[in-house]
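1. sequence? don't have it. structure:
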Ligand SMILES: [Zn+2]
């Protein structure tokens, strides 16, 4: 049984759109989480790759995929990094390039655990806003 063929509901689409814009960076237009896509392509407001990343995140949330306590501890121990520092990892093409050395400097293990970027940016996202 595949759930992939199930038609997507409007509610799901809204959830994915919100996840994409608020939590996912866009590798295609090089947009940080919280900013809209600048070059999403014709007929789109969100780049396909960003949309897919968000859809996967939503699906994992829906499945109740939880990080292990170990992973949670790693994320909680990460330093807070300003959006400016994240932006400094831009490539000339406008995307992001997080090198292994860069991640290590922030204390992020490699491969980086899910949610690492949000963990680094937790202040920038406004931690309080999440609990409304
Ligand atoms: Zn984009």
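-> Arrived safely. All values derive from a computational prediction rather than experimental measurement.

2. low-confidence ranges, the protein, go.
-> 1-6, 64-66, 123-132 (pLDDT under 70).

3. ok, which residues in it are in contact with the ion?
-> 26, 28-29, 37, 47 (CB under 5 Å from the ion). For glycine as for every other residue, the C-beta is placed from the backbone atoms N, C-alpha and C.

4. mind redoing it with 6 Å?
-> 26, 28-29, 31, 37, 40, 47, 50 (CB under 6 Å from the ion).

5. got a markdown table for the residues you listed, with secondary structure, distance to residue 81 and neighbour count too?
-> Compiled in a markdown table, the residues of the chain next to the ion are given as follows (DSSP: H, G, I helix; E, B strand; the rest coil; distance: CB to CB, whole Å; neighbours: other CB atoms under 10 Å):
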| residue | secondary structure | distance to residue 81 | neighbour count |
| --- | --- | --- | --- |
| 26 | strand | 19 | 27 |
| 28 | coil | 22 | 19 |
| 29 | coil | 21 | 19 |
| 31 | strand | 17 | 24 |
| 37 | coil | 23 | 20 |
| 40 | coil | 26 | 18 |
| 47 | coil | 24 | 21 |
| 50 | helix | 21 | 25 |
